[in-house]
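Student: My questions concern the predicted model and sequence given below.
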Amino acid sequence: MSDQSDSSPQRDTVTPDALLHTGSGGEVTAEDLVLASGRDITPQNLAWAERKLAAEGPAALDKLLP
């Protein structure tokens with residue numbers, strides 16, 4: 001039996017930062033923040049997210065994501 005992965009050369013390359021960090025292409029919403037935190041979208045959680053966005057801006061989302 002032949003394994004195709006053995007026949008093709010594999011490269012150990014480093015993924016550029018631009019591909020690892022997607023960032024947000026647009027405005028960060030309260031809903032984005034709630035979903036990124038793993039919470040359900042409820043009025044209470046949306047209010048929390050709105051307060052967090054008002055205090056921290058779009059960086060609030062970056063702080064939640066790995």
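Tutor: Yes, it's here.
Student: what sits up against the longest helix along the chain?
Tutor: Determined from DSSP state H, the single longest helix within the chain is helix 43-56. For helix 43-56, the external contacting residues (CB atoms under 8 Å, 6 or more residues apart in numbering) are 28, 30, 31, 33, 34, 37, 39, 60, 63. (Each C-beta comes from the backbone N, C-alpha and C, glycine too.)
Student: how many neighbours does residue 43 have?
Tutor: Other residues lying near residue 43 total 7 when counted by other CB atoms under 10 Å.
Student: The contacts of helix 43-56: which two are farthest apart?
Tutor: The most widely separated members of the contacts of helix 43-56, counting by CB to CB, are 31 and 63 (16.9 Å).
Student: Can you give me the buried ones in the helix or strand following the longest helix of the chain?
Tutor: As assigned by DSSP states H and E, the chain's next helix or strand after helix 43-56 is helix 59-64. Across helix 59-64, burial judged by 16 or more other CB atoms under 10 Å covers 60, 61.
Student: what do you get for stretch 29-37?
Tutor: With the criterion 16+ other CB under 10 Å, stretch 29-37 contains buried residues 30, 32, 33, 34, 35, 36, 37.
Student: Mark which of these are part of helices, please.
Tutor: Those of those lying in helices (DSSP H): 30, 32, 33, 34, 35, 36.
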